[in-house]
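Undergrad: here's my sequence, what's the structure:
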Amino acid sequence: MTEVLSEEEIDKLLTAINAGDTEPKDIKPAGDTRRIKIYDFKRPDKFSKEQIRTISMMHDTFSRLSTTSLTAQLRSKVSVHVASVDQLTYEEFIRSVPTPTTLAILSMEPLKGNALLEIDPAVTFPIIDRIFGGPGDGQKFSHELTEIEQSIMEGVIVHLLGNLREAWNGVLDLRPRLYKIETNPQFAQIAPLSEMVVLITLEASVCDVTGMINLCFPYPTIEPVIDKLSYSFWFSSSNSVLTSSKNDALVNREDMPVMLCAEIMRRDYPLGEIIEWKEGTNILPLCHLTPKHCWLRLGDRRVWYCEIMEDEKNYPKKVVIVGQEKMPFGTEDRRMDISKLNPVAANALEIAKVKITVELGATSRTVKEVFGLGEGTILELDKLAGEPLDVKANGVLIAKGEAVVIDENFGVRITETIGTLNPWAKEEKQDSTAGEPQEQK
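TA: I've put the predicted structure just below:
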């Protein structure tokens, strides 16, 4: 019902305005408490507030996992947290992305469509600098990624996708895969420009340098699971995952640590020769080797061919993967000195062979991390540059050594024996020392 003012009420109102007792803006229609929101048909809201909050909580988990994995991978302080979650058009997101940048196009199986992971140059180059052994001062660089730098970032992104899969585990078994990396956002058209997307902005601090990491999910990509993005479903799914032995076994298997050993030489030696080794003994390979290369061994199998990176003393040794293992290795029969052994033992030692390996160092990685290794990956070993090599017999440490060149061939010279290699040496030593007091008497 509309209320009509009388002429007397109108005169009083005009007099009050002219006298300055009130402002026109203070005059509001009586009883009108409605909140008016302007609706933009070009930017329709396709995500509710509850869905936005659920997405934010899911990626809080992703941030914590990424903080832990990047800190371990870079061996430096890294901090990642969710800065904001917004919905906007794909065009607005593309215009906000700098050029050049690290823009990873992801497949989101079992969901149809793609997603984007954008790492700001302020974060990309400190990561690359730190992986190459630098202090992480890479924010001054701004150029398109080289092939080596791109392969380094592929390894980093694969680790992040493992964290993303775990963060989405309460909604569905997401299996994100890296499709390719672009540096120009104009070449990453995964959705129409007018399509709505949800943008998760993460603030990342790497070696005291702060930048942004963005995750962009177009609405059509996550539309099949949009109803699952709620508090009730997410929490109930998280609890069921925790109580599911099958999923727990999968997580435990992926996080199970395995040992990778950097091996520079391997061959079989007769036991009769090994027990005679002492300081200064040279161990020669069966084929031509170079002192700058080694193999990365997983268990008893050589998997990757690596290059040894030069480092200053007291810094961890590092190797970089350059390809799959291609160089063969074998065994070689050599006659041994059996003059001190009885004929029965001598006949046995003629046949007995012991596997000798010379190792540069080792490193521990999870199964998930091993799957992410590839050409260009740099691994930091558990030994410092300048430390002696480990000489092992069937996996047992028996001596220390150093790399030498003998007649233009690369080999290893024993510098220290661990314990007594020759079991008869102890008896001889005891006999010789036992004779000294008799001579003194």
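Undergrad: okay, CA-based contacts and neighbour counts for the rest of this
TA: Will do.
Undergrad: helix or strand: which one has the residue nearest to the spatial centre of the chain?
TA: Nearest residue to the geometric centre of the chain (CA atoms, centre = their mean): residue 159, 4.2 Å. When elements are assigned from DSSP states H and E, residue 159 belongs to helix 147-167.
Undergrad: what do you get for residue 85?
TA: Using DSSP H and E, the element containing residue 85 is strand 78-89.
Undergrad: distance between that strand and the chain's centre?
TA: Remark: strand 78-89 is offset 21 Å from the chain centroid, using CA atoms, centre = their mean, to the nearest Å.
Undergrad: which strand residues bridge the nearest residue to residue 397 once chain neighbours are set aside?
TA: Ranked by CA to CA, 6 or more residues apart in numbering and with sequence neighbours excluded, the top spatial neighbour of residue 397 is residue 391, at 5.9 Å. Per DSSP bridges, the residues bridged to residue 391 are residue 358, residue 399.
Undergrad: surely the residue nearest to the centre of the chain meets residue 373?
TA: No - with contact defined as CA atoms under 8 Å, residue 159 does not reach residue 373; the gap is 9.9 Å.
Undergrad: what sits against the residue nearest to residue 315 when sequence neighbours are not counted?
TA: Spatial nearest neighbour of residue 315, excluding adjacent residues (CA to CA, 6+ apart): residue 384 at 5.2 Å. Residue 384 makes contact with 313-317, according to CA atoms under 8 Å, 6 or more residues apart in numbering.
Undergrad: can you list the domains in this structure?
TA: 49-254, 257-423 (automatic domain parsing).
Undergrad: so what touches the helix holding residue 159?
TA: 58-59, 61-62, 65-66, 69, 104, 124, 128, 173-178, 181, 368-369, 372-377.
Undergrad: rounded mean pLDDT for that helix, please.
TA: Averaged over helix 147-167, pLDDT sits at 89.
Undergrad: and that helix, what's buried?
TA: Residues of helix 147-167 classed as buried: 149-167 (neighbour count, 16 or more other CA atoms under 10 Å).
Undergrad: quick one: that helix to chain centroid distance?
TA: Offset of helix 147-167 from its chain centre (CA atoms, centre = their mean): 7 Å.
Undergrad: quick one, the helix or strand following it and helix 147-167 angle?
TA: Moving toward the C-terminus from helix 147-167, the next helix or strand (DSSP H and E) is strand 175-182. Interaxial angle of strand 175-182 relative to helix 147-167 (axes from the mean of the first three to the mean of the last three CA atoms, to 10 degrees): 150 degrees.
Undergrad: please work out which residues outside strand 175-182 touch it.
TA: 101-110, 150, 154, 157-158, 161-162, 164-165, 188.
Undergrad: cool, and stretch 71-89?
TA: For stretch 71-89, the surrounding residues in contact (CA under 8 Å, 6+ apart) are 43, 45, 47, 52, 55-56, 59-60, 63-64, 66-68, 70, 127, 130-131, 193-207.
Undergrad: how far out from the middle of the chain is that stretch?
TA: With CA atoms, centre = their mean as the basis, stretch 71-89 stands 14 Å off its chain's centre.
Undergrad: ditto for stretch 115-131
TA: Here stretch 115-131 is found 13 Å from its chain centre; the criterion is CA atoms, centre = their mean.
Undergrad: and if you look at stretch 178-187?
TA: With CA atoms, centre = their mean, you get 20 Å for stretch 178-187.
Undergrad: buried residues in it, which are they?
TA: Residues 178, 181-185 are the ones in stretch 178-187 that count as buried (16+ other CA under 10 Å).
Undergrad: need the residues you listed in a markdown table (columns: pLDDT).
TA: Listed next are the buried residues of stretch 178-187 as a markdown table, based on pLDDT from 0 to 100:
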| residue | pLDDT |
| --- | --- |
| 178 | 90 |
| 181 | 90 |
| 182 | 89 |
| 183 | 87 |
| 184 | 87 |
| 185 | 86 |
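Undergrad: all good on my end, thank you.
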